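> need a structure here:
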Amino acid sequence: MGSCKKIFMALTLTSLIGTAAHADERYRPVQDEVVKKECGSCHMAFQPQMLPKRSWQKIMDGLENHFGEDASLDEATLQHVRAYLTDNAADSGWFGGKMMRGVRDNETPMRITELPYWVREHKKEVPVWAWSDPKVKSKTNCQACHRDAERGYYDDD
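Numbering: from 1, shown residues only. This is a model prediction of the structure:
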């Protein structure tokens, strides 16, 4: 193989690897308007790929005490949101995704911010004092650091 061909192949491979690594911080944005409205009225509507089906089911079963708030929905809306979240959950496709790294099959995580992957990523990149910054307010305020979080982009900003 000629040296130009080798260089071209090496550059192509490097580009593909870089794209894959970059895409590792992206999720499909929430596209369902009912989910955006109902979940997004109190917090960002998190991408369903961040939790497994069993977690979304348990969250939807406990909306009357949703992290200290009553987020109850009428039955039709409840079933609609539940279906969207579980149909698009981290374990709904052939690839569970990075958020499931370190989560055992018998575990039902209830908070994205307590997933082993999330904790590892934020522990190495975010100083402890940042969580008390008035601009951040909460670990669930993804948009404080990730401008395009709502669109599913969590690349380092």
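> residue 114: neighbour count?
Counted with other C-beta atoms under 10 Å, residues neighbouring residue 114 total 11. Where C-beta positions appear, they are placed from N, C-alpha and C, glycine not excepted.
> buried stuff in stretch 116-124?
117, 118, 121 (16 or more other C-beta atoms under 10 Å).
> so which of the residues you listed is the closest to residue 38?
For the buried residues of stretch 116-124, the residue nearest residue 38 by C-beta to C-beta is residue 118; the value is 23.2 Å.
> check contacts around the closest one.
99, 112 (C-beta atoms under 8 Å, 6 or more residues apart in numbering).
> export the helix or strand harbouring it as CSV, just CAs?
Residue 118 is part of helix 116-125, with elements assigned from DSSP states H and E. The C-alpha trace of helix 116-125 is given here as CSV (Å, rounded to 0.1, in the frame of the first residue of the first chain):
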residue,chain,number,x,y,z
PRO,A,116,-21.8,5.7,38.5
TYR,A,117,-21.0,7.2,35.1
TRP,A,118,-22.5,10.6,36.0
VAL,A,119,-20.7,10.6,39.3
ARG,A,120,-17.3,9.7,37.7
GLU,A,121,-17.7,12.3,35.0
HIS,A,122,-18.7,15.1,37.3
LYS,A,123,-16.3,14.2,40.1
LYS,A,124,-13.3,14.6,37.9
GLU,A,125,-14.5,17.7,36.1
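> gap between it and the chain center?
Put simply, helix 116-125 sits 13 Å off its chain's centre (C-alpha atoms, centre = their mean, to the nearest Å).
> what does stretch 54-61 give?
On C-alpha atoms, centre = their mean, the centre of stretch 54-61 falls 15 Å from that of its chain.
> buried set for it?
So stretch 54-61, judged by 16+ other C-beta under 10 Å, has buried residues 54, 55, 56, 57, 59, 60.
> then stretch 146-157?
146, 149, 150, 152, 154.
> take those residues and keep only those in helices.
Among the buried residues of stretch 146-157, none falls in helices (DSSP state H).
> out of those, the closest to residue 70 would be?
residue 150 (24.1 Å).
> that closest one contacts residue 46, doesn't it?
No - contact criterion C-beta atoms under 8 Å: residue 150 and residue 46 do not qualify, at 9.5 Å.
> what sits in contact with each of those two?
residue 30.
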